[in-house]
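Participant: Have a look at this fold, sequence not included:
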């Protein structure tokens, strides 16, 4: 199943990041962009999510310097754009995979494209990792660990359900029962022509 591969790669990314555990560490994708296309995309996607997860932790420091916070906010904005771009690359991969499938007459469209499901699966992998950390913290109270374990159990169940839903969607697309229709993200705030502040309007 596709999500078995995705979940394995997401775990690989998160474990690798936490060896050094800094947002400014160098990035190296172990998967060949030409020979292992989807693996390469999944690895890159989860790396972006993992770095941004830690950006979000840092920016919530109540003692953070305002200038540093502004610089970090811009890094988060750039990361969000990278994240969206990667989702579109992954959807392009799926579109190519199923380009010869003719949708059935009664085929229906899903509420989200496969890659946006993958996006949620990547974030879920990060939630699982960090909730497990909290559930096993030796310096935390027993009540804290117990509460986090209950949350972890729910996250793990959610990952099973989401993985099943994504695999089912891809299977339905491959059989023509569902069809893909991808809308490019119409983000406006980074566009100098669409954001009035960047345009210089008063």
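Facilitator: Perfect, thanks for sending it. Not measured: the values here are computed from a predicted model. Residues are numbered from 1 along each chain as shown.

Participant: Can you tell me the element residue 33 falls in?
Facilitator: Assigned by DSSP states H and E, residue 33 belongs to no helix or strand.

Participant: What count of nearby residues applies to it?
Facilitator: For residue 33, the neighbour count with other CB atoms under 10 Å is 11. For every residue, glycine as well, the C-beta is placed using N, CA and C.

Participant: got it, and residue 96?
Facilitator: Residue 96 has 10 nearby residues by other CB under 10 Å.

Participant: Quick check: pLDDT value at it.
Facilitator: We note a pLDDT of 95 for residue 96 in this prediction.

Participant: in the chain, which segments are predicted with low confidence?
Facilitator: 185-199, 201-202 (pLDDT under 70).

Participant: Off-centre distance for the longest helix anywhere in it?
Facilitator: When the chain is scanned for its longest helix (criterion: DSSP state H), the result is helix 142-175. For helix 142-175, the distance from its own C-alpha centre to the chain's C-alpha centre is 14 Å (CA atoms, centre = their mean, to the nearest Å).

Participant: partners of the helix or strand following that helix in the sheet?
Facilitator: Counting by DSSP H and E, the next helix or strand C-terminal to helix 142-175 is strand 178-179. Next to strand 178-179 in the sheet, as set by DSSP bridges, lie strand 108-109 (parallel).

Participant: The spatially most central residue of the chain is in what secondary structure piece?
Facilitator: Against the mean C-alpha coordinate of the chain, by CA atoms, centre = their mean, the closest residue is residue 119 at 3.5 Å. Here residue 119 sits within helix 114-135, counting by DSSP H and E.

Participant: List the residues that contact residue 37.
Facilitator: residue 93 (CB atoms under 8 Å, 6 or more residues apart in numbering).

Participant: returning to that earlier point: residue 46 is in contact with the residue nearest to the centre of the chain, correct?
Facilitator: No - applying CB atoms under 8 Å as the test, residue 119 and residue 46 come out as separate, 9.8 Å apart.

Participant: returning to that earlier point: please name the residues that touch the residue nearest to the centre of the chain.
Facilitator: Here residue 119 is in contact with 45, 49, 83, 87 (CB under 8 Å, 6+ apart).

Participant: And for residue 42?
Facilitator: 5, 6, 9, 10, 90, 118, 122.

Participant: With residue 176 instead?
Facilitator: Residue 176 touches 101, 102, 103, 104, 107, counting by CB under 8 Å, 6+ apart.

Participant: Roughly how far does the nearest residue to it once chain neighbours are set aside sit from residue 179?
Facilitator: Counting by CB to CB, 6 or more residues apart in numbering, residue 176 lies nearest to residue 104, which is 4.5 Å off, once chain neighbours are set aside. Residue 104 sits 9 Å away from residue 179, going by CB to CB, to the nearest Å.

Participant: For the closest residue to residue 167 other than its chain neighbours, the count of nearby residues, please.
Facilitator: Leaving aside its chain neighbours, residue 167 sits nearest to residue 1 (4.8 Å; criterion: CB to CB, 6+ apart). For residue 1, the neighbour count with other CB under 10 Å is 13.

Participant: my guess is residue 1 contacts residue 165, does it?
Facilitator: No - using CB under 8 Å, residue 1 is not in contact with residue 165; the gap is 11.7 Å.
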